[in-house]
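Visitor: show me how the following folds:
(4 chains)
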Protein chains: 2
Amino acid sequence: MMLDSPMAIMLRGLPYFARAADAQIEAMAERAIRREFTAGEMIYVEGEPSAGLWMVERGRVKVFKVSPDGGEYVLRIFGPGDTFNDLAALDGAPNAASAAAITAVVAGVIPTTAFVDALTADHELALSVVRSLVARQRQLVAQVEDLALRPVTARLARFLLEQVANPALAHPSVTRALIANHLATTSESISRSLRVLESAGAIRFDRHTIVITDLPALRELAQ
Amino acid sequence: MMLDSPMAIMLRGLPYFARAADAQIEAMAERAIRREFTAGEMIYVEGEPSAGLWMVERGRVKVFKVSPDGGEYVLRIFGPGDTFNDLAALDGAPNAASAAAITAVVAGVIPTTAFVDALTADHELALSVVRSLVARQRQLVAQVEDLALRPVTARLARFLLEQVANPALAHPSVTRALIANHLATTSESISRSLRVLESAGAIRFDRHTIVITDLPALRELAQ
DNA sequence: CGATGGCCTTGATCTGGATCAAGTCGGCGG
DNA sequence: CCGCCGACTTGATCCAGATCAAGGCCATCG
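Guide: Next comes the predicted model:
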C-alpha cells in the first residue's frame, strides 16, 4: 500500500477520483508526472497530441483558443484542485485548445493511457467521469447561451457572481484584459461595464478590488 | 429474448447502445415510451423535470434557449437516429434547455431511472456514454469558439460545411430564421451573408436549395 | 385563378461595442 | 525619491450587424 504518496493523496482529493478504487489511484499516481511553469509560459498547444489529464496544484491556468487574426478567447480559468484537458485525455485526440500559466504554476499530468486504463478497469471511476462531464457540459451550455443572448454588462455581472463561488477567478492575476478575453470583449468594455454596475449600486471598489454590495441587484443585472 | 421488438431494435441502432448488453437494451426498451408531436409543438421546457433520454425516430427537433427579452438561441438541430437531452437524463436535474418539433415528429423517451439503472449495471454502456459526451463537448467548444471569435459569414460557412456531413441540417424545414437563431444572428444577416458566399463563388442557388460549388473556397471563408 | 400567408430579399437607418488615442494611477527598481 | 512600466480609465470615432420597413416570390386553398 503506497496510497499515502503525495501524488496519490492529491488524486484522491479530486472529484473525479473520490470514489475510484485504491488500485487505480495507485496505478495512476505511479505514472503521473509533476511539472512547473513560470508565469506566461505555455503548458500545451491546441492541435498537438495531449500529454494527458492535467491537475493544478498551485497557481492559475487559462485554457484558450486563438483565432487566425490574433483574437484570443479564454474558455476557462483554473486554480488549485481543478483538472483540465480531460477531453483529450479521454479520447486520445489532439488538444482541443491551448493552455498557459497565468501565474507561476505547479501541475501534474496523468498520461492518457494511464487514465484510460483506470477508466476501463473501474466502473465507479467511469460513473464519476460521466458526472463530471455532465457538469462541465452544463457550464458550456450556459457559456454559449451567454455569448449568444446577453450583452457585455450582463455577462460581466454573471462572471462576478461566479467569482463568489469559484476561488480560481478571484485573484489579482485575473486582470481586466483576461476577463475581457473570457467574456469575448475588450478591456475597455469591461472598464465601462464595471462603472455601469457601480453606478447601479451593485458593486463598489475597495482599493482596486471589486466588492459586491448588492447581490440581488447584481443578479437582476445578470438577467 | 425479446430483442426484436421495434423499440429494442431502435435502441440497438443508437451509438450510445451499440455495445451495451442485451439485458440492458431489453430493460430500457420495455420502459421506453413512444410519442408524436405536430410541427411547432413543444416537446419539453427548460427548467422542468426531465422525462428522460429522447431519441428522434422521424422528423426534425430543435433544442433551444430563450432570453428574457424574447431572443431565441438554437443550440442544436436533431434528426432521425439522434438522441437528445442526455444531460438531464444523466444527472436527473431539470432540463437545461427547451425542445420543440420543427416538423411532425415521432420520438421515444427512456425514463431517467431506466437509463441510470442500465448505466450503473453496464460498464460498457458507461464507457460509450463517456465517448458520446466527449464528442458532444468538443462540438460545444467549437460552437463557443465560433461565437466568440468569428463574424457571421464565417459562422455561416462553417454551418454549410457541417451540413454536408449531417443530414439533420439539410432539410427544407431548416429555414433562414432557424439558421439565424442557431448562429446567433438574424435572418436578414443570413440572407446577406449567403450573397457574400455566392459572389465569392463558394456556393450557388439551384431553385431554392443551396449547392456548394467550391468546397476549398468555402473552407477558406470559414477560416 | 385570384387571394392569402409564409418565407425571403433588399434597402435605409441605428447602435452596442470595437478600435484608436491620450492620459492617469500605483508599484517597483535603481 | 524619482522614473519607468504595466494595468487601468476615459474620450472620440468607427463599423459589423441589428432593427425597421417595403416589397417580391411561391405554394396552398377557397
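
Visitor: who's the spatially most central residue of chain A bridged to?
Guide: Centroid-nearest residue in chain A: residue A:78, 3.2 Å away (criterion: C-alpha atoms, centre = their mean). Note on residue A:78: beta-bridge partners by DSSP bridges are residue A:61.

Visitor: hey, where'd the strands end up in chain A?
Guide: A:33-37, A:42-44, A:52-58, A:61-66, A:72-78, A:83-84, A:98-101, A:105-111, A:203-206, A:209-212 (DSSP state E).

Visitor: and chain A, which of its residues are near chain B?
Guide: Within chain A, the positions near chain B by C-beta under 8 Å from any C-beta of the partner chain are A:65, A:67-68, A:71, A:73, A:75, A:87, A:90-91, A:93, A:96-97, A:119-120, A:123, A:126-127, A:129-131, A:133-138, A:140-141, A:143-145, A:147-150, A:184, A:223. C-beta: built from backbone N, CA, C; applies to glycine.

Visitor: try 7 Å
Guide: Neighbours of chain B within chain A, by C-beta under 7 Å from any C-beta of the partner chain: A:65, A:67-68, A:71, A:73, A:75, A:87, A:90-91, A:96-97, A:123, A:126-127, A:129-131, A:133-134, A:136-138, A:140-141, A:143-145, A:147-150, A:184, A:223.

Visitor: of those residues, grab the buried ones for PyMOL.
Guide: Only the buried entries of these go into this PyMOL selection, using 16 or more other C-beta atoms under 10 Å in any protein chain shown:
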select buried, chain A and resi 65+73+75+87+90+91+96+97+123+126+127+129+130+133+134+136+137+140+141+143+144+145+147+148+149+150+184+223
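
Visitor: what about the longest helix along chain A, distance to the chain center?
Guide: Looking across chain A with DSSP state H, the single longest helix is helix A:123-149. Put simply, helix A:123-149 sits 12 Å off its chain's centre (C-alpha atoms, centre = their mean, to the nearest Å).

Visitor: identify the residue nearest residue A:99 in space, chain neighbours excluded?
Guide: residue A:43 (4.1 Å; C-beta to C-beta, 6 or more residues apart in numbering or on different chains).

Visitor: give the contact list for residue A:197.
Guide: A:153, A:156, A:157, A:203, A:221 (C-beta atoms under 7 Å, 6 or more residues apart in numbering or on different chains).

Visitor: may I ask which two of these are separated the most?
Guide: Within the contacts of residue A:197, A:153 and A:203 form the most distant pair, 11.6 Å apart (C-beta to C-beta).

Visitor: quick revisit: for the strands of chain A, which one sits closest to residue B:24?
Guide: Nearest to residue B:24 among the strands of chain A is strand A:52-58; the distance by C-beta to C-beta comes to 28.2 Å.
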